[in-house]
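J.: predicted structure and sequence below. I'll ask about it afterward.
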Amino acid sequence: MQSTEESLADDALRDVNIPACPAVLAQVMEELRKPLTNGKRVAQLIGQDVGLAAVVVRSANSPLLGVRRKIASVDEATRLLGFGLLTNLVQEALLRSSITATDASLERFWDSSRYTAAASAELARVVGGARPETAYTFGLFRDCGIPLLVQRFPNYKDVLRVANQTTDRWFTEVEDEALSTNHAVIGYLLARSWGLADEVSQGILSHHDYSIFAAGGGPGGEARTLVAINLIAEHVVGTYLRTSQDAEWVKGREPAARFLGYSQTELDDITDDLLYWLDEQKSEGNA
């Protein structure tokens with residue numbers, strides 16, 4: 001009998017190329033799993049690839065990360081950011097380099113992903129229930145199936161346009177009907193193959209199905225918290241970057257608020273605070 005993952009793979013991977021986990025990421029994650037992680041070894045692994053090291057240092061200086069002094073090297077990034085956030089930056093750089101689609105609109109996709117990841121991490125500090133580094137990873141990877149489907153299906157942008165405007169069906173149902181697969185399944189398979197935490201991969205698989213917030217439904221508690229945090233972060237970032245798609249907010253706002261234990265008014269206050277936080281980062285460093 002097939003496992004759930006094997007069944008998903010059979011259904012989804014019709015000529016969709018899932019990038020293999022880069023060797024340097026596997027080595028970094030292996031080092032981080034050791035009881036006594038060697039910071040110098042982690043920095044050395046990243047520094048072996050000059051291009052990767054440069055991207056990590058540049059990303060480490062993003063105002064969205066809130067570092068108050070300029071970081072000049074991977075060694076410094078390791079000391080100032082900590083292993084969790086440093087790994088996020090490595091994952092971000094390698095994810096972008098592994099997906100070779102050159103569509104100009106994907107630059108906006110990557111910008112939105114970076115903002116959503118940072119906003120998700122900030123929200124995790126406020127609402128609890130998930131670690132900020134994990135929330136960052138989730139925000140970065142939750143839609144990574146989209147550029148892979150852009151590569152595979154010439155009509156995928158049309159499908160996305162319909163899915164983004166649909167309020168009476170889950171986003172992934174629209175994709176399934178048109179393509180017989182969806183970006184959540186593809187993202188789940190990539191997250192699993194890259195060795196990301198189970199709560200991240202399970203959350204990615206379910207992140208457009210807001211029925212998971214019902215009592216006893218869906219994946220584990222942290223995965224559901226990641227989905228709820230991400231929904232709020234996506235809404236705020238869409239408003240901030242003026243790319244807002246309200247259909248997901250319409251479908252998920254009430255069940256996510258209920259799951260997190262907030263009233264609608266309290267949730268509105270949280271979104272206002274997060275918008276203010278994003279604006280602060282921009283004013284302090286032109287994010």
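T.: Arrived safely. Numbers count the residues shown, from 1 in each chain.
J.: quick one: end-to-end distance for stretch 49-67.
T.: Distance between the two ends of stretch 49-67: 24 Å, counting by Cα to Cα, to the nearest Å.
J.: can you tell me what sits against that stretch?
T.: Residues outside stretch 49-67 that contact it (Cβ atoms under 8 Å, 6 or more residues apart in numbering) are 24, 46-47, 70-74, 77, 80-81, 85-86, 89-90, 92-94, 97, 114-115, 118, 281-282, 284-287. Heads up, the C-betas are built off the backbone N, CA and C, glycines and all.
J.: buried residues, that stretch. List them.
T.: Under the neighbour-count criterion of 16 or more other Cβ atoms under 10 Å, stretch 49-67 has 49, 52-53, 55-57, 59-60, 62-65, 67 buried.
J.: biggest separation within those residues, which pair?
T.: Farthest-apart pair in those is Asp49 and Pro63; separation 25.1 Å (Cβ to Cβ).
J.: mind putting the buried residues of stretch 49-67 in TSV, secondary structure and pLDDT included?
T.: Supplementary listing: these in TSV, determined by DSSP: H, G, I helix; E, B strand; the rest coil; pLDDT from 0 to 100:
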residue	secondary structure	pLDDT
Asp49	coil	85
Leu52	helix	86
Ala53	helix	89
Val55	helix	86
Val56	helix	85
Val57	helix	89
Ser59	helix	85
Ala60	helix	84
Ser62	coil	83
Pro63	helix	82
Leu64	helix	83
Leu65	helix	80
Val67	coil	77
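J.: so where's the longest helix in the chain?
T.: For the chain, the longest helix by residue count, based on DSSP state H, is helix 74-98.
J.: using ChimeraX, define a selection of the buried residues within the contacts of stretch 49-67.
T.: A single ChimeraX command suffices to select whichever of the contacts of stretch 49-67 are buried according to 16+ other Cβ under 10 Å:
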select :24,46,71,74,77,81,85,86,89,90,92,93,94,114,115,118,281,287
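J.: residues in contact with Asn38?
T.: Asn38 makes contact with Glu31, according to Cβ under 8 Å, 6+ apart.
J.: tell me how far it lies from Ala93.
T.: The span separating Asn38 from Ala93 equals 21 Å under the rule Cβ to Cβ, to the nearest Å.
J.: and if you look at Lys34?
T.: With distances taken as Cβ to Cβ, Lys34 is found 22 Å from Ala93.
J.: same question, Ile229
T.: Relative to Ala93, Ile229 is positioned 23 Å away (Cβ to Cβ).
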